[in-house]
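Student: A structural model of the following input is requested.
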Amino acid sequence: MADPRLVYDHDCGFCKWCVRWMLRLGSFTPVSYEELTPDQKARLPDEYDNCMHLLTDDAVYSCGHALEQVGLRCGAIPRTIVRALTHLPRWERIRERGYRFVADRRAIWGRYRSCEIVE
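Tutor: The predicted model follows:
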């Protein structure tokens, strides 16, 4: 089985910084929007360029759900935290609103945390 593909915005320094951290904690193949194959694009939602995605062999996770799935694949501590959070009432709503809050302000976050390349 191939590593899950972590789809991100290559034009966003904050996004690249986040992906770099995720790669340190888990086993993923980073794929920028520009590098998507036609088959990968076909699996994504129409407005795929408004959030991150995690592509596995049998599923597609987007936005906050993608981040949750990444957390479950990044070792014992992130996995434990995510599993605890999933027990919160209205977790899915909290997860997606939290993701949107950060994603909609990524230019601001990028002033503090950013990088040029993902390795």
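Student: okay, now the closest residue to Gly75 other than its chain neighbours: neighbour count?
Tutor: Closest residue in space to Gly75, ignoring its immediate chain neighbours: Leu25 at 5.6 Å, by Cβ to Cβ, 6 or more residues apart in numbering. In short, each C-beta sits where N, CA and C put it, glycine included. Neighbour count of Leu25, defined by other Cβ atoms under 10 Å: 14.
Student: Mind pulling the model confidence for Leu25?
Tutor: The model reports Leu25 with a pLDDT of 94.
Student: Do I have it right that it meets Pro78?
Tutor: Yes. Applying Cβ atoms under 8 Å as the test, Leu25 and Pro78 come out as touching, 6.4 Å apart.
Student: Check which helices and strands the helix or strand hosting Gly71 sits against.
Tutor: Assessed by DSSP states H and E, Gly71 sits inside helix 63-72. The contact analysis (3 or more Cβ pairs under 8 Å, 6 or more residues apart in numbering; DSSP states H and E) places helix 63-72 against strand 53-55, helix 76-85, helix 91-103.
Student: What lies in contact with stretch 83-100?
Tutor: With Cβ atoms under 8 Å, 6 or more residues apart in numbering as the contact definition, stretch 83-100 has outside contacts at 51, 63-65, 67-68, 72.
Student: Now render those residues as JSON lines, adding neighbour count, distance to Ala107 and pLDDT.
Tutor: Converted to JSON lines, these look like this (neighbours: other Cβ atoms under 10 Å; distance: Cβ to Cβ, whole Å; pLDDT from 0 to 100):
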{"residue": "Cys51", "neighbour count": "21", "distance to Ala107": "15", "pLDDT": "95"}
{"residue": "Cys63", "neighbour count": "17", "distance to Ala107": "18", "pLDDT": "97"}
{"residue": "Gly64", "neighbour count": "22", "distance to Ala107": "19", "pLDDT": "97"}
{"residue": "His65", "neighbour count": "19", "distance to Ala107": "23", "pLDDT": "98"}
{"residue": "Leu67", "neighbour count": "23", "distance to Ala107": "19", "pLDDT": "97"}
{"residue": "Glu68", "neighbour count": "20", "distance to Ala107": "24", "pLDDT": "97"}
{"residue": "Leu72", "neighbour count": "17", "distance to Ala107": "28", "pLDDT": "96"}
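Student: No further queries at this time; thank you.
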